[in-house]
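Participant: predicted coordinates and the sequence they were generated for:
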Amino acid sequence: MKTTTAHRLLAATLALASFSALAQDALIRKNLAARIPQLQNIDEISKTPMAGLFEVRVGNDVFYTDAKGNFLLQGELIDTTRQRNLTEERIAKLTAVDFATLPMADAFTIVRGNGQHHLAVFEDPNCGYCKHFEKDLNKVDNVTVHLFLYPILGADSVEKARNHWCAKDKGAAWQDWMVRDKPATVASCDTAAIKRNVDFGRKYKITGTPTVIFSDGTRVPGAINTEQIEQRIAQAESGKAD
């Protein structure tokens, strides 16, 4: 009898807690939507490790609010006791792409050394930051680079991407252009792969180039230097996120 009563009390407590959480979630949504039009469609609200602070997620954007949605913060939440950037970790998880799902048939590879480390890069041939990135990436050894042409900077980017995709040696033509400023020869072939890359990028909200995806699915938007590339490769292969 006592056990049954205890079970009932536990079930009632859990139900009350669940109802309270739902009510709070609804209150935050209601207040933020009424006061900030951009927050009409909130995807998720969740507690943070900081008492009284809630995460508000809209797509891949993260905000923070109080229990009533009276205040809104946008910035980085740092756990000083563990020296961790919780916002950065959260966004890394939200924007991760399962490396195994990348359409490798729509990319070409550049292999250096034994090629044991793998990373994928989405790049536009007219992207100046990509050229800086390629020069730093050239210094990384024992890597296989899966290069996805991602012409999003205009019609000339599409034309250049076609010439590189249709080149006899795609990797060599790409390196000639990105590192040595030697244009690829005009060429024609089936470029459906490039269109699929753009569609894939839009689906996963790849909005700029270069965008690097490491073997653990974490990604970095923008150019990073040689040391940072090597650090991220090591972290990805050890199962840690930056």
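Facilitator: Okay, I see it.
Participant: so residue 73 touches residue 56, yeah?
Facilitator: No - judged on CB atoms under 8 Å, residue 73 makes no contact with residue 56 at a distance of 9.4 Å. Every C-beta, even on glycine, is put in place using the N, C-alpha and C of the backbone.
Participant: neighbour count winner among those two?
Facilitator: Each of residue 73 and residue 56 has its neighbours counted (other CB atoms under 10 Å); residue 56 has more, 22 against 13.
Participant: beta partners of the more buried one?
Facilitator: residue 45, residue 63 (DSSP bridges).
Participant: how far away is the residue nearest to the spatial centre of the chain from residue 207?
Facilitator: The chain has residue 95 as the residue nearest its centroid, 3.3 Å off, counting by CA atoms, centre = their mean. Note on residue 95: its distance to residue 207, by CB to CB, to the nearest Å, is 11 Å.
Participant: related to what we said a few turns ago, common neighbours of residue 73 and residue 56, please.
Facilitator: Jointly contacting residue 73 and residue 56 under the rule CB atoms under 8 Å, 6 or more residues apart in numbering are 63-65.
Participant: related to what we said a few turns ago, against residue 137, how distant is the residue nearest to the centre of the chain?
Facilitator: 21 Å.
Participant: who are the packing partners of the helix or strand hosting residue 195?
Facilitator: According to DSSP states H and E, residue 195 maps onto helix 192-203. Under the contact definition 3 or more CB pairs under 8 Å, 6 or more residues apart in numbering; DSSP states H and E, helix 192-203 sits against strand 143-149, helix 155-165.
Participant: and the first one with helix 192-203, angle?
Facilitator: Just to be clear, that refers to strand 143-149. 90 degrees (axes from the mean of the first three to the mean of the last three CA atoms, to 10 degrees).
Participant: run through who's touching strand 143-149.
Facilitator: 102, 104, 106-113, 115-125, 137, 161, 164-165, 170-171, 174, 193-194, 197, 200-201, 233.
Participant: that strand vs helix 155-165, what angle?
Facilitator: Going by the same axes, to 10 degrees, strand 143-149 makes 130 degrees with helix 155-165.
Participant: so how far is strand 143-149 off the chain centroid?
Facilitator: Put simply, strand 143-149 sits 16 Å off its chain's centre (CA atoms, centre = their mean, to the nearest Å).
Participant: ditto for the last one
Facilitator: Relative to the mean C-alpha coordinate of its chain, helix 155-165 is positioned 25 Å out (CA atoms, centre = their mean).
Participant: among the contacts of strand 143-149, which are located in strands?
Facilitator: Counting by DSSP state E, the part of those found in strands is 108-112, 117-123.
Participant: which one of those sits closest to residue 131?
Facilitator: For the ones in strands among the contacts of strand 143-149, the residue nearest residue 131 by CB to CB is residue 123; the value is 9.2 Å.
Participant: ok, the residue lying closest to that closest one once chain neighbours are set aside - contacts?
Facilitator: Using CB to CB, 6 or more residues apart in numbering and skipping the chain neighbours, the partner closest in space to residue 123 is residue 130 (4.4 Å). Residue 130 is in contact with 123-124, 178, 209-210, 223, counting by CB under 8 Å, 6+ apart.
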